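Peer 1: From the sequence below, what's the structure:
(one chain, ligands or ions: 1)
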Amino acid sequence: MPHNIRRLLAACLSAAAVSAAATAAPLRDSASARGLFIGAAATMGPLRNEPIYVETLRREFNMVVAENAFKMDALRPSATTYNFTDADALMAFAEQNGMAVRGHTLVWHSQLPGWLTAGNFTRDQTIAIMRDHIRTVMGRYAGRIVHWDVVNEAVADGTGQLRTNSFWHQRIGPEYIALAFQFAREADPTAVLYYNDYEAEGLGQKSDAVFNLVSSLRGQGVPVDGVGWQMHKINPFRIQGQHVTNAQRLASLGVEISITEMDVRIALPTDATELQQQALAFGDAVRFCLEQPNCTSLTTWGFTDKYSWVPSVFGGFGDALIYNASYQPKPAYTALQSVLEEGSPQPPLPPTGLTATAGSGQVALAWAAPSGAASYNVKRSTTSGGPYATVASVTGTSFTNTGLTNGTTYFFVVSAVNGAGESMNSTQVNATPQASGFTLQANPASVSVSRGGSATSTIGIVRTSFTSSVTLSASGLPAGVTAAFNPSPTTGNSSVLTLTASATATLGPATVTVTGTGGGLTRTTPIALTVTAPPGGNVTVTRAVTSNSPWFTEEQVRITNTVSLTALSVTIVVQRTTGVSASGQYNTVGGQIQQGNTSTASTITYQFALAPGQTLGTGTNRTFAAQMGGTGTVHPTSGDTWTVTYTAAGGQPVTQSGTF
Ligand code: 9MR
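Peer 2: Have a look, this model is predicted:
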């Protein structure tokens, strides 16, 4: 279980009160009163040898973390020995001064001892080493370290994946992370267990990866309690809406966050303007942490520019901390101090949740208020990313920008303002105003209906600043097809069109035009309609052979029709093989049918046709028979075919054919 933070902070406050004489308001005093850990990374040389370093650290901070002394290479000179000299000294310093301790870090791909990386250990041995390390180190200080960075920097840069070239990943596999957190919980159930990383503070691929990692671990019951945002930044830096959004989504997982290694490096030489910019970054960060309910600590990576990792790693950069190299407080220190002292005016954080809704010639904006905002500047550009021009200053959390050009895309940001200044801009949104009116969209725009059936298409009514009722109608319908809209007229955004085809509807393709009228406007959208014969058809044709012998064969076509036919022709072609000739034909309809046959040297063609002007009523298995006799080959034989062409009343001709 995590520490009782309130009790710890109360202890920090009383210790701070004792040591508060050096300045009017040490950071730790006001931070403790406001429930926040304010920490600094300490390095052992000056902690042992430089009184002003020690004095400043203990006076100003209620939390401390070892910059290097708790790392594995520092604690593990060999596989079998531990060296706790520095770590114990730092713990003693913290405890003597009523400071909480962050433990940094147990499982990291960097600063590993050579005996480990060169050791050729198996997976099981590596897990055992990791477990022993976590147990021994956490166990030694159990109950005395409030936050532990259990796993550090496991996500790779630029891929959104785990860092696969990490020693731990290579030897154990991705499950090293879950194992580390489980071992850590066992070793000290009181510590808040952190996953710590850099460049995962705002929104982006890496913070998504950290969020997904922590979400998935917690989903599996792995005890991850916190996410550390290192915050190694380049001046100028400001907290933005994306930081709030990221903190909120982590809060939704039930994890706390801490700013764990903050510094803001400046290109050297530094001028006064840059130091003021840097102060805004630190002021923003501490304000953010105070206002974000799940943010529990803000730690800077060092505190004096005299001792910082920055200059040796980033050539030409430095001055990244809140005291200068002579231990004089910089504007960044003053910013932390004034934000921590409740009520002192600071610029607000940027608004979050900005939305833009396009209308005709206008865009409606709305946003959520950050605390401490007195008013807002609404800024606009026609280029993504600005430069923005301020179009309005308002006190509410919404604004409708009118007089815009339809068809132009506008980009908006909003900043929050109070007596102390202006926040950074919110994240950008965009919208494209459109002329008032509506358009229709058929979905699907291509519909097939079979005779006797129906089909639907949803007619979307896409409105832009248009609330009038729209009445829908359909034209261009084939004979026998009807259209119905539900609902129509409508003030809604869609209507369902049902197209129904009668049993005799005209077959084939047609273009139906859907028309909407309303508010003085008329809009149309086409639907490609195809009327088909239903599966199995209103007319079924079968073939039959009722006799076949060397001397007589009868090949038949049988027609069943459930609709009246206004035209019908049946053709049967028989191969005139040696010795075979026509010997007769008949049908079971009667006088409405005209029939006859012709022969060539190779084929006999039998024809049956409904006489012109006649209608053939419905019927079953009407038979059209071709007879042949002789002494030749048994039929049917290859090439014997039938073809039926019919027209249902009101429809188009349909042809079916086949072989015997
Ligand atoms: O500040 C630390 C520096 O003294 C070490 O040489 C370095 C080794 O990689 O680690 C520095 O601290 C790092 C921290 O442990 C993890 N996040 C990034 C920090 C800056 O590199």
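Peer 1: From here on, just use CA atoms for contacts and neighbour counts.
Peer 2: Fine.
Peer 1: What is the subsequent helix or strand relative to the longest helix anywhere in the chain?
Peer 2: Looking across the chain with DSSP state H, the single longest helix is helix 272-291. Heading C-terminal from helix 272-291, the first helix or strand you meet, by DSSP states H and E, is strand 295-300.
Peer 1: same for that next one, what does it pack against?
Peer 2: The contact analysis (3 or more CA pairs under 8 Å, 6 or more residues apart in numbering; DSSP states H and E) places strand 295-300 against strand 37-42, strand 256-267, helix 272-291.
Peer 1: could you give the angle of the longest one to strand 37-42?
Peer 2: Pointing back at helix 272-291 there. Relative orientation of helix 272-291 and strand 37-42, computed by axes from the mean of the first three to the mean of the last three CA atoms, to 10 degrees: 130 degrees.
Peer 1: So which bits of helix 272-291 are buried?
Peer 2: 274-275, 277-290 (16 or more other CA atoms under 10 Å).
Peer 1: and which of these is nearest Ala187?
Peer 2: For these, the minimum distance to Ala187 (CA to CA) is 28.8 Å, reached by Cys289.
Peer 1: Strands of the stretch 401-550 of the chain, start to end?
Peer 2: For the stretch 401-550 of the chain, applying DSSP state E, counting those that start in this stretch gives strands covering 410-418, 421-422, 429-431, 437-443, 446-450, 454-464, 471-475, 481-486, 494-501, 508-518, 521-532, 539-548.
Peer 1: Ok, which of those strands comes nearest Arg185?
Peer 2: Among those, strand 410-418 comes nearest to Arg185, with 42.1 Å by CA to CA.
Peer 1: show me where pLDDT drops low in the stretch 201-350 of the chain?
Peer 2: Where the stretch 201-350 of the chain drops to pLDDT under 70, the residues are 342-345.
Peer 1: Tell me which stretches of it form strands.
Peer 2: Here the stretch 201-350 of the chain has its strands, by DSSP E, counting those that start in this stretch, at 226-229, 232-234, 256-267, 295-300, 317-318.
Peer 1: Switch those over to JSON lines; also include distance to the ligand.
Peer 2: Below are those laid out as JSON lines (distance: least, CA to the nearest ligand atom, whole Å):
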{"stretch": "strand 226-229", "distance to the ligand": "10"}
{"stretch": "strand 232-234", "distance to the ligand": "8"}
{"stretch": "strand 256-267", "distance to the ligand": "7"}
{"stretch": "strand 295-300", "distance to the ligand": "11"}
{"stretch": "strand 317-318", "distance to the ligand": "13"}
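Peer 1: Need the ones you listed in TSV (columns: mean neighbour count).
Peer 2: Converted to TSV, the strands of the stretch 201-350 of the chain look like this (neighbours: other CA atoms under 10 Å):
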stretch	mean neighbour count
strand 226-229	26
strand 232-234	18
strand 256-267	25
strand 295-300	25
strand 317-318	22
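Peer 1: any chance of those in CSV, plus distance to Val541?
Peer 2: Converted to CSV, the strands of the stretch 201-350 of the chain look like this (distance: least, CA to CA, whole Å):
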stretch, distance to Val541
strand 226-229, 75
strand 232-234, 81
strand 256-267, 76
strand 295-300, 79
strand 317-318, 89
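Peer 1: Tell me which of the ones you listed sits nearest to Leu193.
Peer 2: Checking the strands of the stretch 201-350 of the chain against Leu193 by CA to CA gives strand 226-229 as the closest, at 6.0 Å.
Peer 1: Please name every helix or strand in contact with the closest one.
Peer 2: Packing partners of strand 226-229 (3+ CA pairs under 8 Å, 6+ apart): strand 192-197, strand 256-267.
Peer 1: Nearest the middle, which residue of the protein would you pick?
Peer 2: For the chain, the residue sitting closest to the mean C-alpha position, by CA atoms, centre = their mean, is Asp208 at 10.2 Å.
Peer 1: correct me, but that one touches Gln161?
Peer 2: No. With contact defined as CA atoms under 8 Å, Asp208 and Gln161 do not form a contacting pair (10.1 Å).
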